[in-house]
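Asker: dropping a prediction and its sequence here:
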Amino acid sequence: MLGGLVTGIVAGTASYGSLSPVHLATGTAIAFGAQWAGPLLAFVLLGVIGLCWWQSAAWADACEPDEEQDRVMEATGHIRRAGQISRWTQGALLLTCVGAIALVVGTVLQTTGAGGTTGSLDWARNVSQVASLVAVLIVAGAGSWIARQIDNGEASSG
């Protein structure tokens, strides 16, 4: 994410000559800066939340209320840690959604920046980025649902 930000800043300072409009340069900078935000990263983050759910369920099932106090405390610590990792990962998924939206905006600015008509290849790029955005939003929604299960203590029922 940080590398994408630096890339966008560097691209934003590049000279495109006097023939290209400003929003073409802006779109290019935004697109360069947001290239990291895609479905692959979202799926990895979903996997992290899924592992947190699995760990939370495993520790909830392993710890019965009538067990010794040390075992209950250990399980509680693991469940709390899984919940915290899940919340941090949800934040990363939210940033990925914002990055995917920025990538769509940058791509649209690039394809409409020439001032002429938009051709089929330009539309194809736009459609591809919008499809990636939809995939990221779906994966983020699934991650949010799973994280709510962890937060509600329903990990063992999933």
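Answerer: Perfect, thanks for sending it.

Asker: in which helix or strand would I find the residue most central in space within the chain?
Answerer: Centroid-nearest residue in the chain, with Cα atoms, centre = their mean: residue 96, separated by 2.6 Å. Per DSSP states H and E: residue 96 is located in helix 69-112.

Asker: one step back: I figured the residue nearest to the centre of the chain hits residue 39, correct?
Answerer: No - at 9.1 Å, residue 96 does not count as touching residue 39 under the criterion of Cβ atoms under 8 Å. C-beta: built from backbone N, CA, C; applies to glycine.

Asker: identify the contacts common to those two.
Answerer: Overlap of the contact sets of residue 96 and residue 39 (by Cβ atoms under 8 Å, 6 or more residues apart in numbering) consists of residue 136.

Asker: following the helix holding residue 96, which helix or strand comes up?
Answerer: helix 120-151.

Asker: distance from the chain centre to that next one, please.
Answerer: Helix 120-151 sits 8 Å away from the centroid of its parent chain (Cα atoms, centre = their mean, to the nearest Å).

Asker: what of stretch 61-76?
Answerer: For stretch 61-76, the separation from the chain centroid amounts to 34 Å (computed by Cα atoms, centre = their mean).

Asker: averaged pLDDT, the helix holding residue 96. What do you get?
Answerer: The pLDDT scores in helix 69-112 average 88.

Asker: and it, what does it pack against?
Answerer: Contacts defined by 3 or more Cβ pairs under 8 Å, 6 or more residues apart in numbering; DSSP states H and E place helix 69-112 against helix 22-33, helix 39-62, helix 120-151.

Asker: point out the other helices and strands that the shortest one packs with.
Answerer: In other words, helix 22-33. Checking 3+ Cβ pairs under 8 Å, 6+ apart, helix 22-33 ends up next to helix 2-12, helix 69-112.

Asker: the longest one to helix 22-33, inter-axis angle?
Answerer: With axes from the mean of the first three to the mean of the last three Cα atoms, to 10 degrees defining the directions, helix 69-112 sits at 150 degrees from helix 22-33.

Asker: many thanks, have a good one.
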